[in-house]
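*Asks:* Need coordinates for the following:
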Amino acid sequence: MNFWQRFLHRHAPSREEVLESRWLRPFGARIRHSELWRFTRRSVPRAVFAGTFIGIFLMIPGLQIVGAALLSMPMRANIPIAAAMTFLSNPITTPFFLLAAIQVGNRIGFQADLQSYSRLNQSGAGFGEWMGWLWSDAAPALVSGLFLIGLGLALLGYVVSLFGWRWWIGRKWKQRVIREA
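*Replies:* From the prediction side, this is the model:
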């Protein structure tokens, strides 16, 4: 088992864990479809796209995996990969994504006060203070910035995973030819 297989086996939620979610129970047999759990050249890049986009755009830890699974269904993407990709946003990366999203939102025409964000972040502000700042003028900048960053990184991840899949399969074929010769 190579590094990536071990990594995914360790960190991606199992099929049973995802299916036990109370949010996904209403989707019953549709979410249990085997097509959503196979690793194929089409399902993996789609899953990278879905998981990356939802992981960055949604930013609510409990709902990210559920959102990625729900987006994977119409896209026919691999659910475990999509769920694993949501961990791109974690407590270490979230402040950077939020700050970048506000800057992107400001550049496209919305106005969010970055000094207030810095002050709230450094002072350890409570939930009420954050919500007050968010609903004042930061929400449009933050949401549009998260959408654009999520979409951009998801597209990049899609392309990289397409080429990565082709490289990996090509390498496996070369190893097979060498073994058989």
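*Asks:* Residue 72 and residue 30, how far apart?
*Replies:* 11 Å (Cβ to Cβ, to the nearest Å). Glycine gets a C-beta too; all of them are placed from N, C-alpha and C.
*Asks:* neighbour-wise, which of these two wins?
*Replies:* More crowded of residue 72 and residue 30, by other Cβ atoms under 10 Å: residue 72, with 27 against 11.
*Asks:* In this structure that one contacts residue 37, no?
*Replies:* No - between residue 72 and residue 37 there is no contact under Cβ atoms under 8 Å: 9.9 Å.
*Asks:* Common neighbours of those two, please.
*Replies:* 78-79 (Cβ atoms under 8 Å, 6 or more residues apart in numbering).
*Asks:* Which neighbouring elements make contact with the longest helix along the chain?
*Replies:* In terms of residue count, the longest helix belonging to the chain (DSSP state H) is helix 139-180. Identification of packing neighbours for helix 139-180 by 3 or more Cβ pairs under 8 Å, 6 or more residues apart in numbering; DSSP states H and E yields helix 43-58, helix 94-107.
*Asks:* least reliable of those going by mean pLDDT?
*Replies:* Sorting those by mean pLDDT places helix 94-107 lowest, at a mean of 90.
*Asks:* could you dump it to CSV, C-alpha only?
*Replies:* Output in CSV follows, covering the C-alpha atoms of helix 94-107 (Å, rounded to 0.1, in the frame of the first residue of the first chain):
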residue,chain,number,x,y,z
THR,A,94,-9.4,28.6,8.1
PRO,A,95,-8.1,32.0,9.2
PHE,A,96,-6.1,32.3,6.0
PHE,A,97,-9.1,31.3,3.9
LEU,A,98,-11.3,33.9,5.7
LEU,A,99,-8.8,36.7,5.3
ALA,A,100,-8.2,35.9,1.7
ALA,A,101,-11.9,35.7,1.0
ILE,A,102,-12.5,39.1,2.5
GLN,A,103,-9.7,40.6,0.4
VAL,A,104,-11.1,38.9,-2.8
GLY,A,105,-14.6,40.2,-1.9
ASN,A,106,-13.2,43.7,-1.4
ARG,A,107,-11.4,43.6,-4.7
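*Asks:* Many thanks, I have nothing further to ask.
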